[in-house]
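>>> Give me a 3D structure for the following:
(2 chains, ligands or ions: 2)
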Amino acid sequence: MSQAILSGNEAFARGAFEAGVRVASAYPGTPSTEILENVAQYPEIDSSWAPNEKVSLEVAIGASFGGARAMVAMKHVGLNVAADPFMTMSYIGVRGGLVVVVCDDPEMHSSQNEQDSRHYARLGKAPMLEPADSAEALAFTRLAFELSEQFDTPVLLRSNTRISHGKSIVTLGERVTGLPEPKIERNPGKFVMLPGNARKRHPVVEQRLLDLKAWGCDHEINRIEEGEGEIGVITAGISYQYAKEVLPKAHILKLGMVYPLPEQLIRDFAARCKTLYVIEELDPFIEEQVKAMGIEVKGKEIFPICGEFTPSRVAAALGLPQPQGVAVPSEPLPNRPPNMCPGCSHRGVFFALKRLGAFVTGDIGCYTLGALPPLSAMDTCVCMGAGISNATGVAKALGEAERSKVVGVMGDSTFLHSGITSLMDMAYSNTPATAIILDNRITAMTGRQDHPGSGPTLPGIDAIPLTLRRSAAPSASATSRSSIPTTSPGPSRLSTKKCAARNLRWSSPAVPACSTVTDAGSGVRRSSSRPKPAPPARPA
Amino acid sequence: MSPDVKNILLAGVGGQGTLLASEILSETLMLAGFDVKKSEVHGMSQRGGSVTSHVRYGKKVYSPLIPDGQVDVLFGFELLETYRYLPTLRPGGAVVVNDLKIMPSTVAMGTESYPENIPGKIRAVCPEAKIVDGLDLALKAGNIRTVNTVLLGALSQRMEIAEELWLAGLKKMVPERFLKENLAAFQLGRQA
Ligand SMILES: Cc1ncc(C[n+]2csc(CCOP(=O)(O)OP(=O)(O)O)c2C)c(N)n1
Ligand code: SF4
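Ligands and ions are numbered 1, 2, ... in the order given. Next up is the predicted model:
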């Protein structure tokens, strides 16, 4: 058995391979993106980018119905999008093992919020495992598939930025063999969630949680590390590493399964410690449940809820002495915010919007940098797909004079993710606002993944790219399998120019390219069109 | 905090290739038989933003993040970014830094200014700081893109890891066709 130094994301992928996964799907999102990119390195696994997280989970659910082991990976907010199938899949259970990897982003290094995805385990009544390093990421992925089939449940695997993008040493294993061959098997009582069937499944789900609780008291995934003295710590995931770093002598109850909690194990552990801490990043998820057991613990009254933990933050919360670094005279230093690449096609669009004094309801992608100086030309940004629907709402709220200034902006990947429905609504409700789709033929923000509008599939197989075509008439409809009307009663705009960094790796400096804004109302101009300055767009 | 764990903080600008340098460093440390952890943030920071990578090694490493004020070697790819993280250095720690200025957009726009004489300020805190002209040596090695390998060479001088392990790490991580110039760059950095 060989050793390797892997990131958490590489280890989740390796775990999927070793667990015999056959189907994997995902929509990119930092810090989860590299999971599917690495899964795709294993030809044994059918890997594909889905247009959004809900679709990816539904694909995986289908694979499970067919009897195959299937995995999806997403960032924390992705699970909001996939929550609908997830909640009901918990009732249905699985045929082939089903694992959802969800990567939180405490500190919001690359996210719009720092929601704690553990709440989804409780909401969905499904088990959640949380590894503390890459070795556990691999081992827990394998275990998650066994649990999924043993307890007939989807399993959540929680990661975060430090686990996913941190590297540590793992021991590689072999791919399991002897799993049942996928084939059609009908089981409508379980697979068809009509109210009558679902009513029968709910008690099964409740019993499953009790069974899992008991399992968690005996399985080594939840372990006690004996220390010295009277201080005890209950912890999990990355927080375990910080606890070991700053309280090397404490007794530790390390939870590998953070939901449901192993109640008896916690009671036994607590009985031995005079002072008990719960060290957990973000919300008091474990703490509140332990307190509900009637056990006294110290938690969020000393540890922060906001932001990520570091060893120093944990030590400071515990009031431990902190070593000082060298003394450097303080001086204000210039910030170094991220920027759009030189030659990025998004720049010209925001330059024009700024000049026009448009009220821009934006969205999430590289173009969100249009909100920062010097462009400072984005006024709102909520979640993927909201750019156009927010414009609809703002326009509905405003009077005629200001309405014409409203412009909804989003990228092509965002449009295909969840902006299509926003645009349909803008057209359907006959809203006089402008929508712009920045069609750079790539999901640039997360490292330039392909999507249905860009061409090849993840394994590099050619696909018919969906084309976004602007049509003036609100009544326009899809004319072919591979075209989508982008209709709106106001002028809708399509900016098409490929991402300037399309073929670059991050390690190389970006090469400038001409930036163009095309389409002054006459259909799509391809990237081969001659560069020309931004036309004076007229928001209606 | 564990005294037998050593901490290296890499600091640079997104797009400079600090991540690859930290990969080569971690591989080398693993080959040397240490437990190794490395942590960095991908994403937003890579579009020309400020980038750091934490590398920790020893018998057993828990936290992937270096505790404040505990950096043993500050390994900088750009002057301002190195200066920014100087307060994380432990007293007596070492600095290896590339003699390069990359202007942040805020400086280019004229809203902020680039600090004067950073090398002098670094030396005031760490007199032994190694300031390397990575670009010049990379050109001598025959490829402008070997700056990071030059810097790794300079770093290797300040760490007690056998030279052959560094070479093995490089061979494992660098594609065959770029190996010759990278080995040359490494030696130039080592002698700098
Ligand atoms: C629900 C959700 N999933 C994933 C992400 C991560 N994410 C942020 S922007 C983006 C894609 C942006 O692509 P596009 O809209 O084409 O804009 P570009 O970056 O190419 O300019 C993704 C996947 C997210 N923020 N929210
Ligand atoms: S990666 Fe592409 S879309 Fe993103 S800033 Fe660079 S050129 Fe623009």
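>>> Which residue ranges of chain B form strands?
In chain B, the strands defined using DSSP state E lie at B:6-13, B:35-40, B:50-58, B:71-76, B:89-98, B:130-132.
>>> As JSON lines, these with mean pLDDT and distance to ligand 1 would be great.
Every C-beta, even on glycine, is put in place using the N, C-alpha and C of the backbone. Below are those laid out as JSON lines (pLDDT from 0 to 100; distance: least, CB to the nearest ligand atom, whole Å):
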{"stretch": "strand B:6-13", "mean pLDDT": "96", "distance to ligand 1": "20"}
{"stretch": "strand B:35-40", "mean pLDDT": "96", "distance to ligand 1": "19"}
{"stretch": "strand B:50-58", "mean pLDDT": "96", "distance to ligand 1": "19"}
{"stretch": "strand B:71-76", "mean pLDDT": "98", "distance to ligand 1": "30"}
{"stretch": "strand B:89-98", "mean pLDDT": "97", "distance to ligand 1": "30"}
{"stretch": "strand B:130-132", "mean pLDDT": "97", "distance to ligand 1": "36"}
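>>> In a helix, A:Gln241, correct?
Yes - according to DSSP: H, G, I helix; E, B strand; the rest coil, the state of A:Gln241 is that of a helix.
>>> Quick check: chain neighbours aside, which residue is closest to the one residue in chain B that gets nearest to ligand 2?
Of all residues in chain B, B:Arg47 sits closest to ligand 2, with a separation of 6.0 Å (CB to the nearest ligand atom). In space, B:Arg47 comes closest to A:Pro338 once its chain neighbours are excluded; the distance is 3.8 Å by CB to CB, 6 or more residues apart in numbering or on different chains.
>>> Correct me if wrong: the one you found contacts B:Val51.
No - if you go by CB atoms under 8 Å, A:Pro338 and B:Val51 don't touch, sitting 9.9 Å apart.
>>> Those two: who's more crowded?
Higher neighbour count among A:Pro338 and B:Val51: B:Val51, with 27 against 19, using other CB atoms under 10 Å in any protein chain shown.
>>> in the chain, what spans have low per-residue confidence?
All of this refers to chain A. A:1, A:470-493, A:503-540 (pLDDT under 70).
>>> I was after chain B.
Applying pLDDT under 70 to chain B flags residues B:1-3, B:43-46.
>>> the helices in it, which residues?
B:18-31, B:79-84, B:105-108, B:118-125, B:134-141, B:147-156, B:163-173, B:179-191 (DSSP state H).
>>> and among the ones you listed, the most buried is which?
Highest mean neighbour count of these: helix B:147-156, a mean of 27 (counted as mean count of other CB atoms under 10 Å in any protein chain shown).
>>> So which residues make contact with that one?
B:8, B:16-18, B:20-21, B:24-25, B:73, B:75, B:77, B:96, B:98, B:130, B:132, B:134-135, B:137-138, B:141, B:163, B:166, B:170, B:174, B:182, B:185-192 (CB atoms under 8 Å, 6 or more residues apart in numbering or on different chains).
>>> hmm, try it at 7 Å
B:17, B:20-21, B:24-25, B:73, B:75, B:77, B:96, B:98, B:130, B:132, B:134-135, B:137-138, B:141, B:166, B:182, B:185-190, B:192 (CB atoms under 7 Å, 6 or more residues apart in numbering or on different chains).
>>> among the residues you listed, which are within reach of ligand 2?
Among the contacts of helix B:147-156, no residue lies close to ligand 2 (CB under 6 Å from any ligand atom).
>>> Tell me which residue is most central in chain B.
B:Phe75 (3.4 Å; CA atoms, centre = their mean).
>>> Now that one. Nearest residue, chain neighbours left out?
Here the residue nearest B:Phe75, using CB to CB, 6+ apart, is B:Leu10, at 4.8 Å.
>>> again, but for A:Gly237
Distance criterion CB to CB, 6+ apart; nearest residue to A:Gly237, sequence neighbours excluded, is A:Glu130 at 4.1 Å.
>>> quick revisit: the residue nearest to B:Arg47 and ligand 1, how far apart?
According to CB to the nearest ligand atom, to the nearest Å, A:Pro338 and ligand 1 sit 12 Å apart.
>>> follow-up on the earlier one: report how many residues lie close to the residue of chain B closest to ligand 2.
As a burial measure, B:Arg47 scores 21 neighbours (other CB under 10 Å).
>>> Check the one 10 residues further on too.
One way to gauge burial is a neighbour count; for B:Tyr57, by other CB under 10 Å, it gives 24.
>>> Could you double-check that it lies in contact with B:Gly33?
No - if you go by CB atoms under 7 Å, B:Tyr57 and B:Gly33 don't touch, sitting 9.7 Å apart.
>>> Give me the common contacts of those two.
Common neighbours of B:Tyr57 and B:Gly33 (CB under 7 Å, 6+ apart) do not exist.
>>> Check the gap between the closest residue to B:Asn7 other than its chain neighbours and B:Lys6 for me.
Computed as CB to CB, 6+ apart, the closest residue to B:Asn7 that is not its neighbour in sequence is B:Ile66, at 4.2 Å. According to CB to CB, to the nearest Å, B:Ile66 stands 10 Å off from B:Lys6.
>>> When those two are compared, which one has more neighbours?
Taking neighbours as other CB under 10 Å, B:Ile66 and B:Lys6 compare with B:Ile66 leading, 26 against 20.
>>> still on that earlier bit, would you mind giving the strands of chain B as JSON lines with distance to A:Gly256 added?
Converted to JSON lines, the strands of chain B look like this (distance: least, CB to CB, whole Å):
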{"stretch": "strand B:6-13", "distance to A:Gly256": "27"}
{"stretch": "strand B:35-40", "distance to A:Gly256": "19"}
{"stretch": "strand B:50-58", "distance to A:Gly256": "23"}
{"stretch": "strand B:71-76", "distance to A:Gly256": "31"}
{"stretch": "strand B:89-98", "distance to A:Gly256": "34"}
{"stretch": "strand B:130-132", "distance to A:Gly256": "43"}
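>>> wait, which of the ones you listed is closest to A:Ile364?
A:Ile364 sits nearest to strand B:50-58 of all those, at 21.2 Å, using CB to CB.
>>> Note down every partner strand of that closest one and its orientation.
Strand pairing for strand B:50-58, using DSSP bridges, gives strand B:6-13 (antiparallel), strand B:35-40 (antiparallel).
>>> and these as TSV, adding distance to B:Ala108?
Shown next, in TSV, are the strands paired with strand B:50-58 (distance: least, CB to CB, whole Å):
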stretch	distance to B:Ala108
strand B:6-13	13
strand B:35-40	25
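>>> Let me know which of these is the nearest to A:Pro195.
Among the strands paired with strand B:50-58, the nearest to A:Pro195 by CB to CB is strand B:35-40 (47.9 Å).
>>> Give me the angle between that closest one and helix B:18-31.
Here strand B:35-40 points in a direction 170 degrees away from that of helix B:18-31 (axes from the mean of the first three to the mean of the last three CA atoms, to 10 degrees).
>>> near chain B, which residues of chain A?
Taking CB under 7 Å from any CB of the partner chain as the contact definition, chain A meets chain B at A:5, A:30-31, A:109-110, A:161-162, A:165-169, A:241-242, A:244-245, A:310-312, A:322-326, A:328, A:331, A:333-341, A:374, A:506-507, A:509-510.
>>> Much appreciated, bye for now.
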